[in-house]
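Participant: Sequence and predicted model, in that order:
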Amino acid sequence: METNTNDKILYLDLRRISESFQPQLGQAVERVLHSGWYLRGETTERFEQDFARFCGTDYCVGVGNGLDALTLIFLAYRVMGQMQEGDEVIVPANTYIATILAVWRAGLRPVLCEPCADTCNLDAAEAERLVTPRTRALLPVHLYGRLADMERLSDLAAAHGLKVVEDAAQAHGASLHARGGQLRRAGGLGDAAGFSFYPGKNLGALGDGGAVTTSDPVLARTVRALANYGSEQKYVHQYKGVNSRLDEVQAAVLDVKLPRLDADNAHRRAVAARLLAEVEWGRIGIRVNVAPTPDNVFHIFPVFTPRRDELQRYLLERGICTQVHYPIPPHRQEAFAAEYGHLSLPVTERLHREELSLPMSPLLTESEVSRMVQALNEWR
């Protein structure tokens with residue numbers, strides 16, 4: 001089927017994606033249903049092992065969602081005595097609010113850093129200017145599916161004795177060749193990483209889900225205990241924990257999808273390559289700042305224009321659905337007005353004012369991409 005209902009190109013057609021994994025997806029869910037075991041079972045353990053291997057880490061701990069994944073990492077560092085209440089974590093100012101909420105929930109202080117305007121990711125030079133004696137970690141976000149500059153950020157962290165915690169919620173499978181030529185993936189580029197498996201992610205569940213990846217055995221064990229009411233042994237509680245566990249159904253779904261993730265990401269890059277090559281971006285006055293390389297899995301294909309709202313209406317009239325990531329920056333949200341409302345962050349504010357996300361999916365067809373190219377090239 002070339003196009004979906006009403007001949008629209010949906011921003012992301014989740015039903016179409018789920019159907020592409022049948023019958024294996026339904027069979028996996030049915031096996032869990034008939035097993036009678038729905039939490040902390042063999043299915044979750046198998047997925048954790050598979051995903052850790054995929055990311056190149058020793059451990060993966062399945063949790064309830066991406067926000068919990070990041071929160072639990074920082075809570076674990078506090079339990080381990082490596083961070084204290086009020087310590088600072090440098091985060092990009094243009095991230096989704098969950099990144100910042102995670103740091104606050106752990107009793108730490110997020111320090112907002114302007115991103116690099118060219119990549120939209122954490123600017124290492126800006127981050128270095130924000131380091132103080134209370135700084136304990138860098139929290140780069142691989143925004144839109146593009147890896148942050150992990151080598152420079154890792155060097156900065158090493159120079160100041162900081163942890164590097166990846167927000168990898170949008171970057172499942174993104175990779176780079178590190179120093180020495182070793183291929184490394186998102187989730188294995190820092191001390192720990194938090195993933196979301198929200199349905200719209202490149203590796204998405206059929207509901208909420210998340211994971212922590214790390215090669216630190218103490219951190220992994222502490223995160224697992226904290227996520228299970230602070231308990232390693234049933235009814236014995238070492239910590240004041242929470243309830244945040246990946247269930248067996250979601251683990252089964254993710255394990256069906258994981259083997260196809262690299263191929264799906266390659267298709268996303270192929271779509272991006274066509275858009276980059278065939279749309280006359282300069283002539284139509286729209287900025288793009290991406291390349292179809294392995295360090296970008298194109299969770300989102302972002303474009304930027306001061307006429308963002310006008311462009312969105314124009315594309316919708318032509319049956320092309322888009323989204324904005326994100327319309328209001330965190331420091332302008334009411335939730336953080338007291339803490340950050342006084343800040344002026346011009347790079348962040350411009351990105352949030354001008355960003356528009358084009359349809360991106362591992363199932364976009366050649367004809368759908370051609371329609372997008374034609375519509376964009378006819379934009380005036």
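Facilitator: On my side now, so go ahead.

Participant: need the strands for the stretch 1-150 of the chain, in chain order.
Facilitator: 59-63, 88-92, 109-113, 135-138 (DSSP state E, counting those that start in this stretch).

Participant: ugh, wrong one, the stretch 151-300 of the chain
Facilitator: 163-167, 175-177, 183-185, 192-196, 210-214, 231-233, 236-237.

Participant: Next, the angle from the fourth one to strand 210-214.
Facilitator: Pointing back at strand 192-196 there. Strand 192-196 and strand 210-214 are oriented at 160 degrees to each other (axes from the mean of the first three to the mean of the last three CA atoms, to 10 degrees).

Participant: name the helices or strands packed onto strand 192-196?
Facilitator: The contact analysis (3 or more CB pairs under 8 Å, 6 or more residues apart in numbering; DSSP states H and E) places strand 192-196 against helix 66-79, strand 163-167, strand 210-214. In this view, the C-beta of every residue, glycine as well, is placed from N, C-alpha and C.

Participant: picking up where we left off before, so can I have CSV of the strands of the stretch 151-300 of the chain showing distance to residue 246 and mean neighbour count?
Facilitator: Shown next, in CSV, are the strands of the stretch 151-300 of the chain (distance: least, CB to CB, whole Å; neighbours: other CB atoms under 10 Å):
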stretch, distance to residue 246, mean neighbour count
strand 163-167, 18, 26
strand 175-177, 23, 17
strand 183-185, 19, 17
strand 192-196, 10, 30
strand 210-214, 7, 29
strand 231-233, 16, 13
strand 236-237, 20, 11
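
Participant: Adding distance to residue 271, write those strands out as CSV.
Facilitator: Listed next are the strands of the stretch 151-300 of the chain as CSV, based on distance: least, CB to CB, whole Å:
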stretch, distance to residue 271
strand 163-167, 24
strand 175-177, 18
strand 183-185, 21
strand 192-196, 22
strand 210-214, 26
strand 231-233, 45
strand 236-237, 48
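
Participant: which one of those strands lies closest to residue 281?
Facilitator: strand 175-177 (25.3 Å; CB to CB).

Participant: For residue 7, grab the count of nearby residues.
Facilitator: 9 (other CB atoms under 10 Å).

Participant: can you tell me which residues contact it?
Facilitator: Counting by CB atoms under 8 Å, 6 or more residues apart in numbering, residue 7 touches residue 319.

Participant: Quick check: it vs residue 249, distance?
Facilitator: 34 Å (CB to CB, to the nearest Å).

Participant: ok, back up a step: could you export the helices and strands packed on strand 192-196 as TSV, including mean pLDDT and distance to residue 295?
Facilitator: As requested, these are exported to TSV (pLDDT from 0 to 100; distance: least, CB to CB, whole Å):
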stretch	mean pLDDT	distance to residue 295
helix 66-79	98	20
strand 163-167	98	13
strand 210-214	98	17
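
Participant: Relative to residue 35, which of the ones you listed is closest?
Facilitator: Here strand 210-214 is closest among the helices and strands packed on strand 192-196 (CB to CB), at 21.1 Å.

Participant: how about the CA coordinates for stretch 304-314, as PDB?
Facilitator: Output of stretch 304-314 as PDB, limited to C-alpha atoms (Å, rounded to 0.1, in the frame of the first residue of the first chain):
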ATOM      1  CA  PHE A 304      14.100  25.500  10.400                       C
ATOM      2  CA  THR A 305      12.400  28.600   9.100                       C
ATOM      3  CA  PRO A 306      11.100  31.900  10.600                       C
ATOM      4  CA  ARG A 307       7.900  31.000   8.600                       C
ATOM      5  CA  ARG A 308       7.500  27.700  10.500                       C
ATOM      6  CA  ASP A 309       3.700  28.000  11.200                       C
ATOM      7  CA  GLU A 310       3.000  29.100   7.600                       C
ATOM      8  CA  LEU A 311       5.000  26.200   6.200                       C
ATOM      9  CA  GLN A 312       3.200  23.700   8.500                       C
ATOM     10  CA  ARG A 313      -0.200  24.900   7.200                       C
ATOM     11  CA  TYR A 314       1.000  24.800   3.600                       C
END
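
Participant: Before I go, just wanted to say thanks for your time.
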